[in-house]
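Colleague: Return atomic coordinates for the entry below.
(one chain, ligands or ions: 2)
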Amino acid sequence: MKHYTSINDIDNIDAWIDEAKIIKANPLKHLGLGQNKTLGLLFFNSSLRTRLSTQKAALNLGMNPIVMNVSGDAWGLEFEDGTVMNGNTAEHIKEAAAVVSQYCDIIAVRAFPTLTDKAKDESEQVMRAFMEYASVPIVNMESATGHPLQGLTDALTISEFKTKAKPKVVLSWAPHIKALPHAVANSFTQVMQKMDVEFVIANPEGYDLNPEIIGDTPIYHNQEEAFKDADFIYTKNWSSYEDYGKVINTDPNWMITKAKLGNAKFMHCLPVRRNVVVEDAVLDSNSAIVIEQANNRTYAAQLVLKKLLVNV
Ligand SMILES: NCCC[C@H](NC(=O)CCC(=O)O)C(=O)O
Ligand SMILES: NC(=O)OP(=O)(O)O
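Modeller: Numbering: from 1, shown residues only. Ligands and ions are numbered 1, 2, ... in the order given. Alright, predicted model coming up:
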């Protein structure tokens with residue numbers, strides 16, 4: 001594996017989950033692997049979990065992490081080819097990626113979508129530019145269309161908490177006041193499609209995800225119907241894909257409540273807005289496994305870094 005930028009980079013999910021569990025049982029076993037290697041973490045957006053767990057993963061492998069908030073702290077970066085750079089951008093990604101590659105053995109990047117320019121977001125302009133102009137492996141820490149470190153974490157968490165061979169997993173949209181990206185929902189969908197689970201999606205009309213990602217996965221516009229006999233309810237808000245980036249519905253009836261949850265476990269990538277996306281009674285109960293889920297971010301990242309370190 002040269003880069004880790006998509007769930008498609010996982011060649012065998014079951015083998016990856018097994019290896020992540022082995023790493024989790026003995027996280028410092030490969031402390032020598034990353035010795036004298038540097039991981040650069042570049043953030044164009046806010047983060048708590050990704051920023052800390054990916055550094056923690058690097059430290060567990062003996063790597064040295066260096067972190068930069070690109071937006072605000074670095075020079076404005078230009079991604080278009082042939083631009084006359086007499087505006088707000090001071091440095092082209094061609095130079096920036098080449099320079100950072102000399103300081104880092106692996107570069108991890110977080111760059112959210114515009115949610116206004118669908119074509120630009122779907123082209124994954126930022127992630128692709130790093131892959132093209134950096135000379136070292138690239139890790140996606142949430143891009144315009146995917147969050148594969150989160151997806152891998154979620155697969156590991158479901159594997160740990162399942163109580164039957166083939167659990168039913170529901171991805172449910174929930175309301176939010178802001179227009180949010182599709183990345184988490186996309187990567188979760190893609191990774192569930194690789195696993196031995198019964199997977200369905202619940203969202204209001206107008207909120208169907210990219211049909212190319214949904215594939216054969218059943219979509220319910222009735223949340224109650226989708227939740228029947230669910231073992232895991234994974235909740236996430238996303239903005240409309242059809243009416244790209246728009247908030248077209250904030251119906252509070254889609255919020256996750258204790259009554260709706262039944263015997264299912266509640267998952268969310270976090271951060272989550274209490275009593276908008278999910279009520280307190282869910283998050284404050286034993287049915288919520290969001291803290292354990294967030295803990296697994298370290299081991300998912302450690303597995304990815306371990307696989308990439310073999311080639312650097
Ligand atoms: N990395 C996990 C989620 C990040 C982002 N959430 C957010 O922007 C929430 C912001 C807020 O609630 O104001 C998203 O949905 O992709
Ligand atoms: N789940 C997740 O990616 O969290 P952060 O946005 O805080 O990194």
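Colleague: Residue of the stretch 201-312 of the chain nearest ligand 1, please.
Modeller: Cys269 (4.6 Å; Cβ to the nearest ligand atom). Bear in mind the C-beta positions are built from the backbone N, C-alpha and C, glycine included.
Colleague: Ramachandran coordinates for that residue?
Modeller: For Cys269, the backbone dihedrals are phi -70, psi -20 (criterion: degrees, to the nearest 10).
Colleague: Pull the contacting residues for it.
Modeller: The neighbours of Cys269, taking Cβ atoms under 8 Å, 6 or more residues apart in numbering as the test, are 49, 147, 150, 154, 184, 236, 293.
Colleague: Could you say which helix or strand holds Ser172?
Modeller: Per DSSP states H and E, Ser172 falls inside strand 168-173.
Colleague: So which elements touch that strand?
Modeller: helix 183-194, strand 198-202, helix 223-227, strand 232-236 (3 or more Cβ pairs under 8 Å, 6 or more residues apart in numbering; DSSP states H and E).
Colleague: Dump it to CSV, restricted to CA.
Modeller: These are the backbone C-alpha positions of strand 168-173, laid out as CSV (Å, rounded to 0.1, in the frame of the first residue of the first chain):
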residue,chain,number,x,y,z
LYS,A,168,-27.8,-5.6,11.7
VAL,A,169,-26.2,-2.2,11.4
VAL,A,170,-28.1,0.9,10.5
LEU,A,171,-26.6,4.2,9.4
SER,A,172,-29.1,6.9,10.4
TRP,A,173,-29.1,10.5,9.4
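Colleague: and it, which strands flank it?
Modeller: Sheet pairing here is set by DSSP bridges, and for strand 168-173 it gives strand 198-202 (parallel), strand 232-236 (parallel).
Colleague: And stretch 291-300, what's buried?
Modeller: For stretch 291-300, the neighbour count (16 or more other Cβ atoms under 10 Å) marks 293-294, 296-300 as buried.
Colleague: got any ranges where the stretch 1-150 of the chain has weak pLDDT?
Modeller: Scanning the stretch 1-150 of the chain for pLDDT under 70 picks out no residues.
Colleague: Output the set of residues of it in proximity to ligand 2.
Modeller: Counting by Cβ under 6 Å from any ligand atom, the stretch 1-150 of the chain comes close to ligand 2 at 47-51, 142, 150.
Colleague: what about the strand holding Ser172, distance to the chain center?
Modeller: Counting by Cα atoms, centre = their mean, to the nearest Å, strand 168-173 is centred 16 Å from the centre of its parent chain.
Colleague: Please enumerate residues in contact with it?
Modeller: 158, 185, 188-189, 192, 197-204, 207, 223, 226-227, 229-238, 254, 256, 264.
Colleague: how about the residues of the stretch 151-300 of the chain near ligand 1?
Modeller: Residues of the stretch 151-300 of the chain lying near ligand 1 (Cβ under 6 Å from any ligand atom): 178, 180-181, 183-184, 269, 271, 273.
Colleague: out of the residues you listed, what pair is the most spread apart?
Modeller: Spanning the widest gap among these are Ala183 and Arg273, at 17.5 Å by Cβ to Cβ.
Colleague: okay, those two: which has more neighbours?
Modeller: Just comparing Ala183 and Arg273: by other Cβ atoms under 10 Å the higher neighbour count belongs to Ala183, 24 against 14.
Colleague: who are the neighbours in contact with the residue nearest the centre of the chain?
Modeller: By Cα atoms, centre = their mean, the chain has its centre lying nearest to His147, at 2.3 Å. With contact taken as Cβ under 8 Å, 6+ apart, His147 is in contact with 140-141, 183-184, 186-187, 269.
Colleague: Test my guess that Leu209 contacts Ala202.
Modeller: No - at 11.6 Å, Leu209 does not count as touching Ala202 under the criterion of Cβ atoms under 8 Å.
Colleague: The two: who's more crowded?
Modeller: Between Leu209 and Ala202, Ala202 has the larger neighbour count (other Cβ under 10 Å), namely 24 against 21.
Colleague: shouldn't that one be in contact with Ala226?
Modeller: Yes - between Ala202 and Ala226 there is a contact under Cβ under 8 Å: 3.6 Å.
Colleague: Common neighbours of these two, please.
Modeller: Common neighbours of Ala202 and Ala226, counting by Cβ under 8 Å, 6+ apart, are 170, 172, 220.
Colleague: Break this structure into its domains for me.
Modeller: Taking automatic domain parsing as the reference, the chain has its domains at 7-146+297-309, 148-293.
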